[in-house]
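Q: fold the following and give me the result.
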Amino acid sequence: MRHGWSVLGLILAVGCGPDSVDADTDSGSGADELGDAGCDYEDFEVPPLDEPDACASYFGDPPLAFDPRDIPLEIVNARDEAVLIYEQGSGCQHAPRWFSLTGSYAGREVWLPLTNCETQWPSCATYSEDPPTCLLCQTFHAPIYIEPGGRFSTTWRAAAALDLELPASCNVAGEATSCWAPTPLPPETYSLEALGQPASECDLVNCSCTPDADGSCPVDLGLDGDYAVVFDELSLSASLEWSSTCNSISLRFE
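A: As a prediction, the model looks like this:
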């Protein structure tokens, strides 16, 4: 990671193009493809990229020191069989992470942490005089059953973490170190991936449920918290190269 910081104002499109973007699109669906019609732009700041006025610029206020926008998210089952999609996050009372997100901005890696325990990233605040603590619990989000042709609709708060180098003067240990700073999602194209499996491959009890009008429902597995998903063994994925200048996400299982 590079040294140096100053607060950098950015322009982010908070709405553009159609209501959804198909997950099998080969490239990002940004303003070049969809046009600027219907886009509203807002100024916001990511963690500084040059020398900061204060070390607090790196730390934020866990979990986030800002108000990220909520983005409509839909996951579509275009297969001829029912599928189960799995939440990929972990932690205590964490919001569900229905997809992973990776990319880069200004030469620095951007990542959607899959846990709200900041010491596991680690976040830059971990090296402050008042580091965050992690609650000792594990929140379970049930998988979502989607029938053929159905969809699961929800929202995602567009926050991520930016790869930075914390100066020695800001580290209680007195040395420069790599860390992650929470940030609103910078305007860029990112790789998203949702994971699942055909419902017929589920080897647990109660692998289905009664779908709602959209053809999806959460599965009550009747578990007591010792349930774990081996993501490497899941046979289905839905991927998307997504531009954050568009105010919706659609991932599609083909």
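
Q: the residue sitting furthest away from the middle of the chain: helix or strand, and which one exactly?
A: In the chain, the residue that sits farthest from the middle, by C-alpha atoms, centre = their mean, is residue 174; the gap is 31.6 Å. Using DSSP states H and E, residue 174 maps to neither a helix nor a strand.

Q: which residues does it contact?
A: Under the criterion of C-beta atoms under 8 Å, 6 or more residues apart in numbering, the contact list for residue 174 reads residue 168. Quick note: C-beta positions are derived from backbone N, CA and C, even for glycine.

Q: measure it to residue 166 for me?
A: Residue 174 sits 11 Å away from residue 166, taking C-beta to C-beta, to the nearest Å as the criterion.

Q: count of neighbours near the nearest residue to residue 236 once chain neighbours are set aside?
A: Take residue 236 and drop its neighbours on the chain: the residue closest to it by C-beta to C-beta, 6 or more residues apart in numbering is residue 196, 4.5 Å away. Per other C-beta atoms under 10 Å, the neighbour tally for residue 196 reads 25.

Q: in the helix or strand harbouring residue 196, what's buried?
A: Here residue 196, judged by DSSP H and E, is contained in strand 189-198. For strand 189-198, burial by neighbour count (16 or more other C-beta atoms under 10 Å) applies to 189, 190, 192, 194, 195, 196, 197.

Q: repeat for stretch 147-163
A: Within stretch 147-163, the residues that qualify as buried are 147, 150, 151, 152, 156, 158, 159, 160, 161, 162, 163, counting by 16+ other C-beta under 10 Å.

Q: so what's the second one scoring on pLDDT?
A: On the pLDDT scale, residue 150 is placed at 98.

Q: residues contacting the nearest residue to it once chain neighbours are set aside?
A: Nearest residue to residue 150, sequence neighbours excluded (C-beta to C-beta, 6+ apart): residue 215, at 2.1 Å. Residues in contact with residue 215 (C-beta under 8 Å, 6+ apart) are 77, 146, 147, 148, 149, 150, 151.

Q: which ones are touching residue 163?
A: 1, 108, 109, 110, 111, 178, 180.

Q: can you lay out those residues as a markdown table showing neighbour count, pLDDT and distance to residue 94?
A: As requested, the contacts of residue 163 are arranged in a markdown table below (neighbours: other C-beta atoms under 10 Å; pLDDT from 0 to 100; distance: C-beta to C-beta, whole Å):
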| residue | neighbour count | pLDDT | distance to residue 94 |
| --- | --- | --- | --- |
| 1 | 14 | 36 | 26 |
| 108 | 17 | 89 | 24 |
| 109 | 15 | 94 | 21 |
| 110 | 22 | 94 | 19 |
| 111 | 17 | 92 | 15 |
| 178 | 11 | 93 | 23 |
| 180 | 24 | 92 | 16 |
